[in-house]
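Colleague: Dropping the sequence and predicted coords here.
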Amino acid sequence: MAVYVKAIPTLRGKVADRFVKKSEDNLLRRASIDFSKAAANSRAILAKRAESK
């Protein structure tokens, strides 16, 4: 039998508005991080590994 553990919190009013605004701002900035250096480093490591086999 399922047991009711805890209610899910619900945001209301100004707190909810602030949460929605921050989440929308974060969605817009989501793609602003550049991982090209890390990706190039990973490719170099994998290329070295492939050469050593």
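Modeller: Yep, it's here.
Colleague: Roughly how far does the residue most central in space within the chain sit from Leu11?
Modeller: What sits nearest the mean C-alpha location of the chain, by CA atoms, centre = their mean, is Arg30, with 8.0 Å. Arg30 is 21 Å from Leu11, where distance means CB to CB, to the nearest Å. For the C-beta atoms, the positions are set from N, CA and C on the backbone; glycine is no exception.
Colleague: which residue ranges form the helices in this structure?
Modeller: 13-29, 36-52 (DSSP state H).
Colleague: mind giving me CSV with those helices and columns for distance to Tyr4, mean neighbour count and mean pLDDT?
Modeller: Shown next, in CSV, are these (distance: least, CB to CB, whole Å; neighbours: other CB atoms under 10 Å; pLDDT from 0 to 100):
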stretch, distance to Tyr4, mean neighbour count, mean pLDDT
helix 13-29, 24, 10, 93
helix 36-52, 45, 9, 92
